[in-house]
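# what would the 3D arrangement of this be:
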Amino acid sequence: MTGSTMRVGLSVYGTTYSMGLRPEAGRPQVTARDVMDQAIGYGLAGVELPATMVEAGDVDELRRYAAERGLFITVDTGGYDPDALARVIDLARRVGAATVRTVVGGAKIGGDRRPLAGRWQAFLDEVLAKLRKAVEYAERAGVTLAVENHQDLASEELLWLCESIGSPFFGINLDSGNPLATAEEPVEYFRRVAPYVKNVHLKDYWVWLSEEGYRLVRCPLGQGLTDFPALLDILDQAVPGVTMAIELGALEARHIRVFAADFWPDYPPRTAAQLVEALRVVHQNARGGGDWRTPYERGEPPEVIAAYEERQLLQSVAYVHALAAERGKQGERPDRTEPR
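The predicted structure is shown next:
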């Protein structure tokens, strides 16, 4: 990969059928070593692995295998319980991972906060208190804890967590596809959170309008609404060399119900201008007609779903390599701002 600051690895969550992570796929489940070999085959620089997958292997052997091949490892988990996070942080330290990614939830996927209506701030206060304890452990272990924008927390809330905790071992796992799930314009979102980004998920979406808002549907990187060149420019300035992973979207479309009256209670205040900018991106990229459902949502057989995942992953890997090559060429050009 020639883009000097791009360190892109492979995540497993966008290929759950083809990797056998769902029992209904009827395929053998991949191991951590399998994922590493697949990343190497794609010419990628690392892997992002569920903690359960790392635990199921020989941790010391995985550490050696990755180190000998120059692969970075990021460990995935979920929740904000400090004791549970401490166990995953220790696992990450043992396997040589610099970062643990977690999600805090609270909202349903798609930015839906109705399950905690009227209790959202109390939920956030609890998250902050428990993450503070987890970060104390992370600091002692020398491992960074990163909370993802998992279609739950808005950028204002992630920044509040980062500023309140105030540790270099705590930050944000930026998912490039998720800002619109909390009705935020993506590039401005990237710019705001960039100083605190510790790890990145590269994800892209097609978008369809609905009566209540819009649907986000997974697609190969580079074919949807995400402005990856702008994202990489921002990351190069703020956090050069940050780890990233290709993580295609879920098999279920995400319905963002921004026109529903019960979507907005408990969200941070937004100006009309902010909402207009988000909706402008939606409308500029909205697809007209056609079936927005994935093969999974259409009830297609497992082999069709697995082939769909694999095809999108291969297209995404090709896009990432092309993007890296283009950025490498740009880096070789004379700086036009300098006198000749």
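
# going forward, measure contacts and count neighbours with C-alpha atoms only.
OK.

# and the helices in this structure?
Using DSSP state H, the helices of the chain run over 32-41, 51-55, 59-68, 82-95, 120-141, 155-165, 186-193, 228-238, 272-285, 302-332.

# A25 is nearest to which of the ones you listed?
A25 lies closest, by CA to CA, to one member of the helices of the chain: helix 302-332, at 5.3 Å.

# in the closest one, what counts as buried?
The neighbour-count check on helix 302-332 (16 or more other CA atoms under 10 Å) flags 302, 305-306, 308-310, 312-313, 316-321, 323-325, 327-328 as buried.

# kindly report the same for stretch 260-279.
By 16+ other CA under 10 Å, the buried positions in stretch 260-279 come out as 263-264, 267, 278-279.

# G70 against L44, yeah?
No. The pair G70 / L44 is not scored as a contact, 10.2 Å apart, by CA atoms under 8 Å.

# let me see the contact set for the residue nearest to V197 when sequence neighbours are not counted.
Once flanking residues are discounted, V197 sits nearest to I172: 4.7 Å by CA to CA, 6 or more residues apart in numbering. Neighbour list for I172: 146-149, 158, 162, 193, 196-199 [criterion: CA atoms under 8 Å, 6 or more residues apart in numbering].

# residue ranges of the strands in the stretch 151-300 of the chain, please?
Secondary structure of the stretch 151-300 of the chain (DSSP state E, counting those that start in this stretch): strands located at 170-175, 197-202, 205-209, 214-218, 243-246, 254-256.

# nearest to A97, of these?
Of these, nearest to A97 by CA to CA is strand 243-246, at 11.0 Å.

# so which elements touch the closest one?
Contacts defined by 3 or more CA pairs under 8 Å, 6 or more residues apart in numbering; DSSP states H and E place strand 243-246 against strand 7-11, strand 46-50, strand 197-202.

# who touches it?
Contacts of strand 243-246 (CA under 8 Å, 6+ apart): 6-11, 46-48, 72, 198-203, 316-317.

# lowest-scoring secondary structure element of the chain by mean pLDDT?
Using mean pLDDT, DSSP states H and E, the weakest-scoring helix or strand in the chain turns out to be helix 302-332, at a mean of 92.

# lowest average pLDDT across the helices of the chain?
Among these, helix 302-332 has the lowest mean pLDDT, at a mean of 92.

# and it with helix 228-238, angle?
Interaxial angle, helix 302-332 versus helix 228-238 (axes from the mean of the first three to the mean of the last three CA atoms, to 10 degrees): 60 degrees.

# chain center to helix 302-332, what's the gap?
How far helix 302-332 lies from its chain's middle: 16 Å, per CA atoms, centre = their mean, to the nearest Å.

# the inter-axis angle of that helix versus strand 214-218?
Using the same axes, to 10 degrees: helix 302-332 against strand 214-218 is 90 degrees.

# buried ones among the contacts of I172?
Buried among the contacts of I172 (16+ other CA under 10 Å): 146-149, 158, 162, 193, 196-199.

# ok, so of these, who is nearest G118?
Closest approach to G118 among the buried ones among the contacts of I172 (CA to CA): L158, at 19.2 Å.
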